[in-house]
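Student: sharing a sequence plus its predicted fold:
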Amino acid sequence: MKWMEQELKLLSEASLERFLQVSSINLELPGYTMRNERALLNLSSNNYLGLADHPAVIEAMREALLSEGVGSGASRLVTGNRAPYGWLEQALAEWQNCESGLVMANGYMANIGVIGALVGRGDVVFSDRLNHASIVDGIVLSRAEHVRYRHNDMEHLRTLLSKYRDRRRKLIVTDAVFSMDGDKACLSELALLKQEFGAMLMVDEAHSGGIYGMQGEGLCHDLGVQDQVDIHMGTFSKSFGVYGAYICGSRRLIQWLVNQARPLIYSTALPPSLVSGISKALELVISDHWRRKRLFEATRIFRSSLRHSGFIIGDGDSPIVPLIVGNNEVALRFSRELETQGIAAVAIRPPTVPDGTARIRFSLSAAHSDKELMDAADCIRTIGHQMGVLR
């Protein structure tokens, strides 16, 4: 296994080697993470609405733990399908205005499970080049032909749909908000193309659920195209602050997934305490409109400050704010210096992003105050000058 040492050395020399770091939370410091007994302003979390440490969610999980036990003990098709699953799935379907819902272990397993259940050899999947790795892997595992269209280029997609129009099954799949760039998919245009070419449309709302829409339903609802989307996928690990994923759609779709989605069939069910915590988080996502309002205001302030300083940041209004650095080693040094100054912000490098686009990926939370974000922006500006990122 000497080859591993050689490959790791190459990764290190290219500033691409990765390491695990221990982090923890302090319930008295929302919006922060603890590392080496230091409190760092957490600008790398997906806890968009600040629900990860909400007392009501914690209490719901505690109560379920006492009544339902620690684990589910089996897959959902054996004996792991406890009562809290049914309550949550009904609430999810109502929230998404769909016929039915299905809870799965996490977003990665949901994407590979759904795509693999919908398409196979002889079929074709049209995927945005910047889609999440779980979508890419789902397509590869499905054995369908993987056809990538240029990012948000609807004319390119139209050309490809026309080329493959005679395939048995056609699936268009996209992130709603792209996880490393923070911009939005062209969902209205995708809905029209789906109708024109007789394709299925699947939208991953992982980074838009809880944020967009009157009740946080996601970008599809915000744009009014939810009824044209066949498969709504979202996660509970971002805005909900918990863990897991959901699929919403027709009753026929959900019944098909129960019979065909291998990650659901062959995985132990989520613990019932976790499912109960998700249900409470859903209530808060729906009712706490102020969290979305606060998040958008925080995002506006932070984006405006960085852009005014001269940084290259992505377009959009999402809480994902990529600061493009370019060089891998510079991005790592930038991240380390931010941590020295009390800010947790991770360097994102290839293959997660294209070569030459290494970045600091900031992600904001409703738990952050204006002062915290303005102070952070000042610190980022100073480091940017020191690193030569700003000139």
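Tutor: Here it is on my side, so go on.
Student: ok, now which ones touch residue 192?
Tutor: Residues near residue 192 by C-beta atoms under 8 Å, 6 or more residues apart in numbering: none. For glycine as for every other residue, the C-beta is placed from the backbone atoms N, C-alpha and C.
Student: give me that answer again for 10 Å
Tutor: 154, 158, 186, 225, 228 (C-beta atoms under 10 Å, 6 or more residues apart in numbering).
Student: can you check residue 236 too?
Tutor: 51, 88, 92, 103, 106-107, 206, 209-210, 242-246, 270, 274-275, 277-279, 281-282, 285.
Student: follow-up on the earlier one: so of the contacts of residue 192, which ones are in helices?
Tutor: 154, 158 (DSSP state H).
Student: nearest to residue 15, of the contacts of residue 192?
Tutor: Nearest to residue 15, judged by C-beta to C-beta, of those is residue 186 at 33.8 Å.
Student: returning to that earlier point: among the contacts of residue 236, which are in helices?
Tutor: 88, 92, 107, 274-275, 277-279, 281-282, 285.
Student: what about those residues, which one has the most neighbours?
Tutor: Neighbour tally across those (other C-beta atoms under 10 Å): the maximum, 32 neighbours, falls on residue 277.
Student: break down the stretch 201-350 of the chain into its helices, ranges please.
Tutor: Taking DSSP state H, counting those that start in this stretch, the helices of the stretch 201-350 of the chain run over residues 219-223, 251-260, 262-265, 272-287, 289-309, 328-340.
Student: now distance to residue 138 too, for these, in TSV please.
Tutor: Listed next are the helices of the stretch 201-350 of the chain as TSV, based on distance: least, C-beta to C-beta, whole Å:
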stretch	distance to residue 138
helix 219-223	19
helix 251-260	13
helix 262-265	10
helix 272-287	22
helix 289-309	29
helix 328-340	28
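Student: just list the residues touching residue 351, thanks.
Tutor: Residue 351 neighbours (C-beta under 10 Å, 6+ apart): 16, 133.
Student: shift numbering so it begins at 37
Tutor: Let's use 37 as the start, then, which means that last one is residue 387.
Student: and residue 312, what does it touch?
Tutor: 93, 95-101, 103-104, 118-121, 123-124, 278.
Student: let's see 8 Å
Tutor: Residues near residue 312 by C-beta under 8 Å, 6+ apart: 96-97, 99-100, 104, 120.
Student: and what of residue 136?
Tutor: By C-beta under 8 Å, 6+ apart, the neighbours of residue 136 are 125, 129, 284-287, 289-291.
Student: surely residue 269 meets residue 146?
Tutor: Yes - between residue 269 and residue 146 there is a contact under C-beta atoms under 8 Å: 5.6 Å.
Student: overlap in contacts, those two.
Tutor: Residues touching both residue 269 and residue 146 (C-beta under 8 Å, 6+ apart) are 281-283.
Student: closest to residue 218 out of those residues?
Tutor: Nearest to residue 218, judged by C-beta to C-beta, of the shared contacts of residue 269 and residue 146 is residue 281 at 20.4 Å.
Student: ok, the closest residue to that closest one other than its chain neighbours - how many residues close by?
Tutor: Using C-beta to C-beta, 6 or more residues apart in numbering and skipping the chain neighbours, the partner closest in space to residue 281 is residue 146 (4.0 Å). Look at residue 146: counted by other C-beta under 10 Å, it has 29 neighbours.
Student: residue 146: what secondary structure?
Tutor: Secondary structure, DSSP: H, G, I helix; E, B strand; the rest coil: residue 146 is helix.
Student: mind checking pLDDT for it?
Tutor: Per-residue confidence (pLDDT) for residue 146: 98.
Student: what do you get for the one 3 residues further on?
Tutor: At residue 149 the predicted local distance difference test score is 98.
Student: find the nearest non-adjacent residue to residue 365, please.
Tutor: Leaving aside its sequence neighbours, residue 365 sits nearest to residue 51 (C-beta to C-beta, 6+ apart; 4.1 Å).
Student: hey, where'd the strands end up in the stretch 37-186 of the chain?
Tutor: Ranges of strands in the stretch 37-186 of the chain, per DSSP state E, counting those that start in this stretch, are 68-71, 74-78, 136-140, 160-164, 181-185.
Student: what pairs with the third one, parallel or antiparallel?
Tutor: Looking at strand 136-140 with DSSP bridges, its partner strands are strand 281-285 (antiparallel).
Student: next, the angle helix 308-323 makes with the strand it pairs with.
Tutor: 60 degrees (axes from the mean of the first three to the mean of the last three C-alpha atoms, to 10 degrees).
Student: contacts for strand 281-285, please.
Tutor: 125, 128-129, 132, 134-143, 145-146, 150, 242, 266-273, 289-290, 293.
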